[in-house]
Structures are given as C-alpha cells and as structure tokens.
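Enquirer: the following block contains a protein sequence and its predicted model.
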Amino acid sequence: MGKQKMADAFQKVLANGDKAFVPYIMAGDGGLENLEDQLKFLEDSGSTVVELGIPFSDPVADGPTIQAAGLRALEHGISLRQVLEKLKESSQTRTIPIVLMTYINPIYALGIKDFARSCHESGVDGLIIPDLPLEEESIIADDLKEYDIALIRLAALTSPKERLVEIAKRTEGFLYAVTVTGTTGARSSFKENLAEHLQELQKICEVPVLAGFGVSTPEHVEELTKSCDGVVVGSRIVELLHQGDRQTIRELIQSAKLSEKANS
Ligand SMILES: O=P(O)(O)OC[C@@H](O)[C@@H](O)c1c[nH]c2ccccc12
C-alpha cells in the first residue's frame, strides 16, 4: 500500500513501453453508491492510478466542469469522512492505487492525525493538496510518512527554477506538472515551449512526471507524452462520466497505450 503500490503501478506501465494515464473523478458525483463501480470501470479500462476529488465549497483551483461536479456531489451531501468510509469497504478487493485530491480545509475539519490514519485504513496511496504550499507541508508531512502515503507536489508553469528543483526533489509518487496557468478545464492548445518545460522537469525529477490541466483528447495525450511519463485528465473524464459516455473514456485512456499502437 502507499508509495510503493504507486511506484509499482507506474513501473509496470512504463516498462511495457506505455505511458501512465490518471483519470480524475469527483467522489459522489452520480452518488457515492456508484463510486466502486466507477473505480472498477476506470481500472478495467487501463488507468494506472485514479485521482479522486473530494467535493469542497471553495474549490479555488477548479474550473467550471469540476466545480459543477463538486456541486452535484455536495447536493448528495458527500463529505470527506463518507468518501473515506466508502473507500474502506472496497479496500481489500481494489487493486488500482488511489490518490485523493482535497483542499486542506476538509482535512483540518477532520483532524490531521485522524485523516492520515483513515487514509491508511481506506487504502489511499497518495494525496494532492493544491492549497498546501511547500512552506506549510510540515503540518501533515510526518503523519503521512508514518503511513507511507505519497504527497504529490504540483509544479506550476510560473514557478522559478530553484522552486521547481525543490518541488521535484520533494515530490513523492509522481510530479504533477501543471501545463497551463489558471484553473482546471479542457483547452484546445498548449503553450509553445511546454515540451521543453516537461523535459526539463524530467531531468530534475526521479519519479514519473505527469502532465495535467487541459488534457482532453487522444491527440493531446499523444503530443504531451512525447515529453513526459503520462497524463492526468480531469474535466473531460468528469464530463463524459456524467453524460454516461464510457466508450469515449475508454478510448481516451487507451490513447496512452503506446505499445499497442506500435504493434498495430
Ligand atoms: O480538469 P483538467 O483540466 O483535465 O485538469 C486535471 C484536474 O482536473 C485534476 O487533476 C484536478 C482537479 N482539481 C484539481 C485541483 C488542483 C490540482 C489538480 C486538480
């Protein structure tokens, strides 16, 4: 469980000549009773790890699609504690690593030690906390270390070089390379020198580098994975899942399977 489970999942995919694909979904969008089925579907479709969002009233990094999903989940009354309890029910049978993405407030509300222990008991392998800067990490780092839960750091496009080096050195599980300036959400194109930026991050980082924010088509996946180890796709997956279009999700996930394409 934890860091090692994630490392093994990436290792397996990359050793096979494929790229990692990490879908993001909002926990409780569509009802918490469907979470297990959603995770199973994403796993069976070839995802490497799943990023699971916790609904929150003030999601400052989220664009319209994920905000809307968060509101739907909040309407179902979904809380962090409920999500952890739900995950615990299937923790013994689930094989895909789970990364929770939550803002720091719900963690505070639960209590940091309680939260870390519950994550462990629920089989959570990693965390993304977008409003926890490097300077504040010590409030939770030791508790996560105790349970071997990976704290995944985000590298912003605007971070100065020295900061990127520090982030790349500290990150666990993978490095989340944010590909745009702004909030989450599907976009049509990326900035010109993104490839060099990603290659630079790969040079300074020992764990896989995954590109996320704005990735929404197989063409994006193909383009970005030339310069990194994989992608995170949120808004597009959330939208398709809400529409019930599982086939398009499958195709998107499969676009990271480069070995199959090379053989066909
Ligand atoms: O939705 P996009 O543009 O595909 O981006 C991924 C993103 O949704 C997911 O990783 C995420 C959702 N909320 C976040 C907050 C911060 C960092 C990352 C996230």
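Expert: Nice, I can see it.
Enquirer: for the closest residue to the ligand within the chain, which non-adjacent residue is closest in space?
Expert: Using C-beta to the nearest ligand atom, the point where the chain gets nearest to the ligand is Gly234, with a distance of 2.1 Å. C-beta coordinates here come from the backbone N, C-alpha and C atoms, glycine included. Counting by C-beta to C-beta, 6 or more residues apart in numbering, Gly234 lies nearest to Tyr24, which is 3.6 Å off, once chain neighbours are set aside.
Enquirer: if I look at Thr102, how far off is Ala186?
Expert: Taking C-beta to C-beta, to the nearest Å as the measure, Thr102 falls 22 Å from Ala186.
Enquirer: please disregard the earlier target; I meant Glu146.
Expert: Relative to Ala186, and taking C-beta to C-beta, Glu146 is found at 38 Å.
Enquirer: around the residue of the chain closest to the ligand, how many other residues sit close by?
Expert: 28 (other C-beta atoms under 10 Å).
Enquirer: name the element the most centrally placed residue in the chain belongs to?
Expert: Taking C-alpha atoms, centre = their mean as the criterion, Glu51 is the residue nearest the geometric centre of the chain, at 3.5 Å. According to DSSP states H and E, Glu51 maps onto strand 50-53.
Enquirer: could I have the CA atoms of that strand written out in CSV?
Expert: As requested, C-alpha coordinates have been extracted for strand 50-53 and formatted as CSV (Å, rounded to 0.1, in the frame of the first residue of the first chain):
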residue,chain,number,x,y,z
VAL,A,50,-7.2,7.1,-10.1
GLU,A,51,-7.3,10.7,-8.7
LEU,A,52,-10.4,11.1,-6.6
GLY,A,53,-11.6,14.6,-5.8
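Enquirer: does that strand come close to the ligand?
Expert: Yes: using C-beta under 6 Å from any ligand atom, strand 50-53 reaches the ligand at Glu51, Gly53.
Enquirer: elements contacting the very next helix or strand once past that strand?
Expert: Remark: after strand 50-53, the chain's next helix or strand is helix 64-75, criterion DSSP H and E. Using 3 or more C-beta pairs under 8 Å, 6 or more residues apart in numbering; DSSP states H and E as the contact definition, the elements that helix 64-75 packs against are strand 20-26, strand 50-53, helix 235-243.
Enquirer: residues contacting the closest residue in space to Ser159 that isn't next to it in sequence?
Expert: Closest residue to Ser159 in three dimensions, ignoring its sequence neighbours and counting by C-beta to C-beta, 6+ apart: Ile167, at 6.8 Å. Taking C-beta atoms under 8 Å, 6 or more residues apart in numbering as the criterion, Ile167 is in contact with Leu134, Arg153, Leu154, Ala155, Ser159, Leu175.
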